[in-house]
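Student: I would like to see how this sequence folds:
(2 chains)
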Amino acid sequence: MEKTNIILEIKNLSVEYRKSNKIIPALRDISLTLDKKETLGIVGESGCGKSTLAHAVLKLLPETEGKITSGEILFREKDSSRIDILKLADDDLRKIRGNRISMIFQDPFNSLNPVFRVGEQITEAIRIHNNAGNKSKGNDIELRNRVIKLLELVQLPNPELIMDYYPHQLSGGMQQRIMIAMALSCNPDILIADEPTTALDVTIQKDILDLLKELQKKLGLSIILISHDLGIIAQFCSRVIIFYAGTVMEKAPTDELFHNPGNPYTKGLLDSLPGKSGTAAGEHKRLKVIPGQVPDLTDLPDGCKFNPRCSFKIDKCSGKEPGFIALNKNHVSRCYLANELK
Amino acid sequence: MNSNNRLLEVRNLKKWFGVERGIFKRSVSNIKAVDGVSFHINKGEILGLVGESGSGKTTIGKMLVGLLNPTQGTILFKDRDVSTMKRSRLGLKLQIIFQNPFSSLNPKLSVGTIIGEAVRLNNRTGDNKHAQENVMQATKRLLQTVGLPGHVVNDYPHQFSGGQRQRIGIARALAMDPELIIADEPVSSLDISIQAQILNLLSDLKDKYGLSYLLITHDLNVVRHVCERVMVMRNGKIVEEGVTSSVYNNPEHPYTEKLLSSIPELPL
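Tutor: Okay, the predicted model is just below:
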């Protein structure tokens, strides 16, 4: 079973949020693996736990509210020893966070500090992570050159000029490039991209995704791409995991997921997409929809979490929650009828 | 050109925002948000308006419903020039649905009050078929039209999900018996499964009431699905306009081509 090309493995992760003595099960029993140099897509609607997962991997959940109740997050070091991130002390955690696993967020403008020049912000990241605290002259020049190299890496024009800009002087796409440069400043192995292009225009989105693809090839990154946009996932990811109400509904290679979905929820999502290439333009027929809405996490239905909205529902769906059923060795679905949907 | 079929005609519409400097607010330059735009919408038609952020899409929508005054140009709605009309008059048959259902509903008012206000205004102005209708009944009828149960009239906006709030916004617009609805990014803040529900609702309402729409969006897939004609906007100007299928299959302007080639293709 022990495959050596797995770089990150999450086992049975559960996360709860506590708010005014209510317990919200944000993630329930999540298991997944990330291979070296692969791009794994995570898809789901708002509130399904995508971002909670990203934050849990770096132990960034607010301690007072978010609690990891069970599970392991195993990161494989270069010498193939495995570390459980959840068991690390803060000091050791800092060696992983940013250095080995890095993250970019949805909204680049709110992620950058508006009162510092972007160059300083990248320099700070490098300085903290390399413990290069002493501000000697030689060190500064070296750091500056490194920042320029990074800005060149993310294909920003005139890096010497841009590093002296403040965030508000840059466009959204340029800001996201700065965020990527910062995330890559310590040569991480894994990059978690949480809706990296959602706030950007469609042409800029393409540029940023192309850049990530290129950087992945160049630097051998493993990427976890979190998105609600199935089009992006289709173009970018080799494997996809579908989240619903804090749990995994389906895991499959991308092609397989789109052509042979093994879960009614996935099927519903694909059917409800407008503007598929097959449909004639402007021919406004009705979309097939998933009725109802995403359940409240504090009031989840019994059995399969999707059963109240499911058009394939059978009696036992509202009884016991189904486990994973295999369609083939790479494709599993949490549905009793996984093999009978066609 | 059958001009009887014209619902809206816009000619050479401009909106310049002045950039002012110093204590005397000396005008130094203008931002040409909308710079000489002409188009028309026929009865029962869905016209798409696409473009990137900052291209002037929303500014056009706001000028059409009178939330902004045009710098220059005419807006003919059913052959009457409405660009100089008072907002309260013009708001009647031309309604807008906003992008963000969280900020476009007053959090302090119940749903019944939000929609009832529009119903009452519509009753007062008189020229409509529901003039005598009881406000509460009308409100409930409108909620049912958009797929919400009538008993939610006493609930407040925070008790609803994004999709439900968008339905409330649509019900409020419908209360005025509009003929043209400006839908400014009506689904872009919604989840995929909810987005499809709202798009279906909009097309049902079109069939039921013979509505026309100007659909402002950045989502080219939504336009492809919904719109018969589409305009592509860039830097305050319309760079291409035509029947959706021909624009998508044979884009003429290089910008349209770039826009279309940026859509992540689905392997379906």
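Student: helix/strand/coil for residue 148?
Tutor: As the question left the chain open, I've gone with chain A. helix (DSSP: H, G, I helix; E, B strand; the rest coil).
Student: check contacts around the closest residue to it other than its chain neighbours.
Tutor: Nearest non-adjacent residue to A:Ile148, counting by C-beta to C-beta, 6 or more residues apart in numbering or on different chains: A:Pro159, 4.5 Å away. Bear in mind the C-beta positions are built from the backbone N, C-alpha and C, glycine included. Shown in contact with A:Pro159 (C-beta atoms under 8 Å, 6 or more residues apart in numbering or on different chains): A:Val147, A:Ile148, A:Leu151, A:Glu152.
Student: Swap in 7 Å and give it another go.
Tutor: Going by C-beta atoms under 7 Å, 6 or more residues apart in numbering or on different chains, A:Pro159 touches A:Ile148, A:Leu151, A:Glu152.
Student: can you list the weak-confidence ranges in the stretch 51-200 of chain B?
Tutor: B:86-92, B:125-133 (pLDDT under 70).
Student: Same question for the stretch 151-300 of chain A.
Tutor: In the stretch 151-300 of chain A, residues with pLDDT under 70: A:276-284.
Student: The residue in the stretch 101-250 of chain A positioned nearest to chain B: neighbour count?
Tutor: Scanning the stretch 101-250 of chain A for proximity to chain B using C-beta to the nearest C-beta identifies A:Gly231 as nearest, at 3.2 Å. Applying other C-beta atoms under 10 Å in any protein chain shown, we find 18 residues neighbouring A:Gly231.
Student: what about it, which helix or strand?
Tutor: In this assignment (DSSP states H and E), A:Gly231 forms part of helix A:230-236.
Student: for that helix, the distance to its chain's centre please.
Tutor: Distance of helix A:230-236 from its chain centroid, counting by C-alpha atoms, centre = their mean, to the nearest Å, is 13 Å.
Student: what does stretch A:32-41 give?
Tutor: The chain centroid and the centroid of stretch A:32-41 are separated by 11 Å, computed with C-alpha atoms, centre = their mean.
Student: pLDDT at the nearest residue to the residue of the stretch 101-250 of chain A closest to chain B once chain neighbours are set aside, what is it?
Tutor: Sequence neighbours aside, B:Pro264 is the residue nearest to A:Gly231 in space, at 3.2 Å (criterion: C-beta to C-beta, 6+ apart). Note on B:Pro264: pLDDT of 85.
Student: which residues sit in contact with B:Pro264?
Tutor: Applying C-beta under 7 Å, 6+ apart, the residues near B:Pro264 are A:Asp229, A:Gly231, A:Ile232, A:Ala234, A:Gln235.
Student: ok, now A:Met103?
Tutor: A:Ala54, A:Leu58, A:Ala183, A:Ile192, A:Asp194.
Student: measure the third one to A:Ile96 for me?
Tutor: Distance of A:Ala183 to A:Ile96, computed by C-beta to C-beta, to the nearest Å: 14 Å.
Student: before we move on, what about the first one?
Tutor: Per C-beta to C-beta, A:Ala54 is found 14 Å from A:Ile96.
Student: what's the distance between the closest residue to chain A within the stretch 101-250 of chain B and B:Gly48?
Tutor: In the stretch 101-250 of chain B, the residue that lies nearest chain A is B:Asn221 (3.0 Å; C-beta to the nearest C-beta). According to C-beta to C-beta, B:Asn221 stands 11 Å off from B:Gly48.
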